[in-house]
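Asker: from the sequence below, what's the structure:
(one chain, ligands or ions: 2)
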Amino acid sequence: MFVLEKAPAKINLSLDVLYKRPDNYHEIEMVMTTIDLADRIELIGLDEDRIIIESENRFVPNDERNLAYRAARLLKTTLGIKQGVKIKIEKYIPVAAGLAGGSSDAAATLRGLNRLWSLGLTTSQLAELGSKIGSDVSFCVYNSTAVARGRGERITELKAPPACWVVLAKPVMGVSTQTVYQKLKLENVSHPDTTGMIEAIKQSDYEAMCERIGNVLESVTLKEYPEVLQIKKLMEQSGADAVLMSGSGPTVFSIVRQESRAYRIYNSLRGFCNEVYMVRMLGYHQNLD
Ligand SMILES: C[C@](O)(CO)[C@H](O)COP(=O)(O)OP(=O)(O)OC[C@H]1O[C@@H](n2ccc(N)nc2=O)[C@H](O)[C@@H]1O
Ligand SMILES: Nc1ncnc2c1ncn2[C@@H]1O[C@H](COP(=O)(O)OP(=O)(O)OP(=O)(O)O)[C@@H](O)[C@H]1O
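Answerer: Ligands and ions are numbered 1, 2, ... in the order given. As a prediction, this is how the structure comes out:
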């Protein structure tokens, strides 16, 4: 028996940090959506009681450090499951990019094992389990558009954003999420209008969505890494409707309505950056231009 699951990347349309909590996490409020850039997860049932990770990507650990491994182990220990699983990860999402690749693999593993082992868990039960693996995993379990609060685990789903193209560029270095949060100085940041962003999505108001885009973590990463700032400026000059860094970075994305303009940005970035992608926000397959 085997099942296949798609594990899409996320982007943050807005990311606000409200305060630092006593547990050393930050209380956040962010609007996220999934994009059509996805890893492919294959789960193959094993009779023996073990978890095997297979991945060709040299940046992805194939032991218990892998978030997909942790997801399988968590389900097994929580529910006392004695069967094993081989988890094959075909990696397409860049690693340590601010696109929640590992979290999405963990979430896809939770969804897929729920099917493979006929566990009958609800999405909210899977999301609650996912929060024990990482702050972004709950959102990734829902696999849609949502507001995330708390440390990222309190999810309220939203309708899909207005149709558009997303061009992403990832500079070569990876960024440590923990270090970015540690270096954040909240007194110096301008906070995004989260309520306005939620309203723009509810109204399917593309212009308002573009105006309300914002990420307080840019104040750290753009300062520490001039390459990221340079990509952001290039995208702005190339005629994007909105440009933002995703998560703690270093990936920067442009939002554009017209396919022809998305291609222009994609082509102009390819000269500067090895990893450039042009995708749609998920859920839109027609009437884009
Ligand atoms: C930057 C984002 O990706 C935005 O979606 C998330 O906030 C981070 O999600 P994540 O990578 O799943 O985060 P975790 O693996 O839970 O935490 C990594 C580290 O980031 C910091 N962290 C994370 C989430 C949060 N709300 N406050 C934090 O301060 C903590 O130092 C933590 O040790
Ligand atoms: N399945 C996985 N895919 C990618 N990286 C993984 C995976 N499991 C564990 N990791 C480890 O997690 C680290 C961060 O990887 P990931 O691609 O999830 O970062 P990210 O996109 O910046 O995450 P986030 O946006 O949630 O902060 C990697 O350096 C890698 O060692």
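
Asker: switch to C-alpha atoms for all contacts and neighbour counts from now on
Answerer: Fine.

Asker: just the pLDDT at whatever residue of the stretch 151-289 of the chain ends up closest to ligand 1, thanks.
Answerer: Closest contact between the stretch 151-289 of the chain and ligand 1, by CA to the nearest ligand atom, is at residue 151 (3.5 Å). pLDDT for residue 151: 97.

Asker: residue contacts, it?
Answerer: Applying CA atoms under 8 Å, 6 or more residues apart in numbering to residue 151 gives the contacts 25, 26, 27, 28, 135.

Asker: SS state for it?
Answerer: coil (DSSP: H, G, I helix; E, B strand; the rest coil).

Asker: about what we covered before: among the contacts of residue 151, the buried ones, what's the ChimeraX command?
Answerer: To isolate the buried members of the contacts of residue 151 in ChimeraX, using 16 or more other CA atoms under 10 Å:
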select :25,26,28,135
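
Asker: ok, of the contacts of residue 151, which one's closest to residue 225?
Answerer: residue 26 (22.2 Å; CA to CA).

Asker: and for the closest residue to that closest one other than its chain neighbours, the neighbour number?
Answerer: Residue nearest to residue 26 in three dimensions, not counting chain neighbours: residue 20, with 4.4 Å by CA to CA, 6 or more residues apart in numbering. The tally of other residues near residue 20 (other CA atoms under 10 Å) stands at 16.

Asker: please report phi then psi for residue 20.
Answerer: phi -90, psi 140 (degrees, to the nearest 10).

Asker: would you check that it makes contact with residue 28?
Answerer: No: counting by CA atoms under 8 Å, residue 20 stays clear of residue 28, with 9.1 Å between them.

Asker: point out the residues in the stretch 51-200 of the chain that sit beside ligand 1.
Answerer: Contact residues (CA under 6 Å from any ligand atom) of the stretch 51-200 of the chain with ligand 1: 98, 134, 135, 136, 151, 152, 177, 178, 181.

Asker: can you show me the strands along the stretch 101-250 of the chain?
Answerer: 145-149, 154-158, 165-170, 214-215, 242-245 (DSSP state E, counting those that start in this stretch).

Asker: any chance of a markdown table for those strands, columns mean neighbour count?
Answerer: Compiled in a markdown table, the strands of the stretch 101-250 of the chain are given as follows (neighbours: other CA atoms under 10 Å):
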| stretch | mean neighbour count |
| --- | --- |
| strand 145-149 | 23 |
| strand 154-158 | 17 |
| strand 165-170 | 25 |
| strand 214-215 | 24 |
| strand 242-245 | 26 |
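
Asker: if we can go back for a sec, tell me which two in the residues of the stretch 51-200 of the chain next to ligand 1 are the farthest apart.
Answerer: 98 and 151 (15.8 Å).
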